[in-house]
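Asker: kindly generate the corresponding structure for this input.
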Amino acid sequence: MKNFKAGVYIKQKSYKSFQPEKINRQWTVDNMEVLNLLSQADRQLGRLDMYSEYIPNIDLFIRMHVLKEATQSSKIEGTKTNIEEVLLDKEDIVDEKRDDWEEVHNYISALNYAISNLEKLPFSSRLIRDTHKILLQGVRGKHKLPGDFRTSQNWIGGASINDAIFIPPIQSSINEYMGDLENFVHSNENYFPDLLKIALVHFQFETIHPFLDGNGRVGRLMITLYLVEKGILKKPILYLSDFFERNRTLYYDNLTKAREKDDITQWFKFFLVGIIETTKKGISTFDSILKLQKEVESKIQKLGSRSNNANVIIKYLYQRPVIDAQKAKEITKLSLPSVYKLIADLESLEILKEVTGSKRSKLYLFKKYTNLFN
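Answerer: Predicted coordinates for the structure are as follows:
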């Protein structure tokens, strides 16, 4: 990108903080590799967006996409919860993993809140702060000003600020930088392709690091919010955290390279490759879901008079693919003996798999479905 300058280091007491250049201005891209990747990414996103209209009851499956995003985004920050554990209730999680479980569920709540509020509260500092407040509520970062921009200097890496890998801008400039970022998002004067715009916004947000904790998760969440608000996606069905997690070193290296060498081009390439790979994977997942639906429907028909109640359970499982006998009783209105018989039938059809190994309080997983998101 022509004339890109990330920022400069400013001498503070015993350290230097990085003061980024503002981004709300006209940009020109003349790199053919970036433009080619941008074209591919736009095409793939168009294909993925078609699925939001093509797949019946797509909202049933969005919850699993959100759950996977929450798991992967939190994993980048060090949590060790997997999808199967996130599906369980809190009381079913071993004590040493409950903090991780709560952080992932906070992410789910924060993302759902942000998406549901986009119509009345557009992509803005206020929405970002409100989302951050939910993200840190009652978890390890609860004392680090949830919902408020930082009022002290933070740093990334290192045991102290004096050996930090990166020191973001001084706290007194946060509101000014976030105002510039918000203006850039909504600017109609300075045209910039949407995918490059959100790539630059993500870079700038991670550079500003406006919160004391949770910046990475909020920054990744913002990508999906932007795509939905701009109408690029009708439904929140694209999440990049899995790509960033699998390429974690490159993710951080490319952000650092842009700051240290003013090379935003490499970050754009990495980001667009992430869009392309993730959309292709999303399309493949939806195709697999459709095939699984047909397979399950075919198996359910073998149950004859019990197929209607089996379908009630299956519909529930597409939203939350773990169930116990009590929940099955609640949603089917059957007696417990009938529920146990139906669950046994679904086990024999290899739709459900018992995962606790216990004689009581058994939990059953729709494993073929969850495998599509692993």
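Asker: any idea how far L227 is from H209?
Answerer: Remark: distance between L227 and H209 (C-beta to C-beta, to the nearest Å) = 23 Å. Where you see a C-beta, it was placed from the backbone N, CA and C, and this is true even at glycine.
Asker: I meant Q137, not that one.
Answerer: Taking C-beta to C-beta, one finds Q137 at 20 Å from H209.
Asker: so those two - more neighbours on which side?
Answerer: H209 (22 against 15; other C-beta atoms under 10 Å).
Asker: in contact with that one, which residues?
Answerer: R150, N154, I156, P168, P169, N215 (C-beta atoms under 8 Å, 6 or more residues apart in numbering).
Asker: may I see those residues arranged in JSON lines, with distance to M1 as well?
Answerer: Listed next are these as JSON lines, based on distance: C-beta to C-beta, whole Å:
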{"residue": "R150", "distance to M1": "29"}
{"residue": "N154", "distance to M1": "28"}
{"residue": "I156", "distance to M1": "24"}
{"residue": "P168", "distance to M1": "22"}
{"residue": "P169", "distance to M1": "21"}
{"residue": "N215", "distance to M1": "24"}
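Asker: skip the chain neighbours and tell me the closest residue to L317.
Answerer: F366 (4.2 Å; C-beta to C-beta, 6 or more residues apart in numbering).
Asker: name the element the closest residue in space to I128 that isn't next to it in sequence belongs to?
Answerer: Leaving aside its sequence neighbours, I128 sits nearest to V218 (C-beta to C-beta, 6+ apart; 6.3 Å). Assigned by DSSP states H and E, V218 falls within helix 215-229.
Asker: give me the residues contacting the next helix or strand after that helix.
Answerer: For helix 215-229, the following helix or strand on the C-terminal side (DSSP H and E) is helix 241-246. Contacts to helix 241-246, defined as C-beta under 8 Å, 6+ apart, come from residues K68, E69, Q72, S73, K75, I76, R220, Y251, G274, E277, T278, K281.
Asker: sort out which residues of helix 241-246 are buried, please.
Answerer: Neighbour counts over helix 241-246 (16 or more other C-beta atoms under 10 Å) mark S241, D242, F243, F244, E245 as buried.
Asker: could I get those as a markdown table with pLDDT?
Answerer: Below are the buried residues of helix 241-246 laid out as a markdown table (pLDDT from 0 to 100):
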| residue | pLDDT |
| --- | --- |
| S241 | 94 |
| D242 | 93 |
| F243 | 96 |
| F244 | 96 |
| E245 | 94 |
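Asker: contacting residues around the residue nearest to I128?
Answerer: Neighbour list for V218: A110, I128, T131, H132, L135, F205, F211 [criterion: C-beta under 8 Å, 6+ apart].
Asker: quick one: it from G141, how far?
Answerer: As for V218, its distance to G141 is 11 Å (criterion: C-beta to C-beta).
Asker: need the residues touching each of the two.
Answerer: The contact sets of V218 and G141 overlap at L135 (C-beta under 8 Å, 6+ apart).
Asker: mind checking which helix or strand the nearest residue to L240 once chain neighbours are set aside is in?
Answerer: Excluding its sequence neighbours, the residue lying closest to L240 (C-beta to C-beta, 6+ apart) is G274, at 5.1 Å. Assigned by DSSP H and E, G274 belongs to helix 264-300.
Asker: state the pair within the contacts of V218 that is farthest apart.
Answerer: A110 and F205 (15.2 Å; C-beta to C-beta).
Asker: and K120, how far from N183?
Answerer: Between K120 and N183 the computed distance is 20 Å (C-beta to C-beta).
Asker: the more surrounded of these two?
Answerer: Between K120 and N183, N183 has the larger neighbour count (other C-beta under 10 Å), namely 15 against 7.
Asker: number of residues surrounding the closest residue to the more buried one other than its chain neighbours?
Answerer: Closest residue in space to N183, ignoring its immediate chain neighbours: N24 at 4.5 Å, by C-beta to C-beta, 6+ apart. Using other C-beta under 10 Å, N24 has 16 other residues around it.
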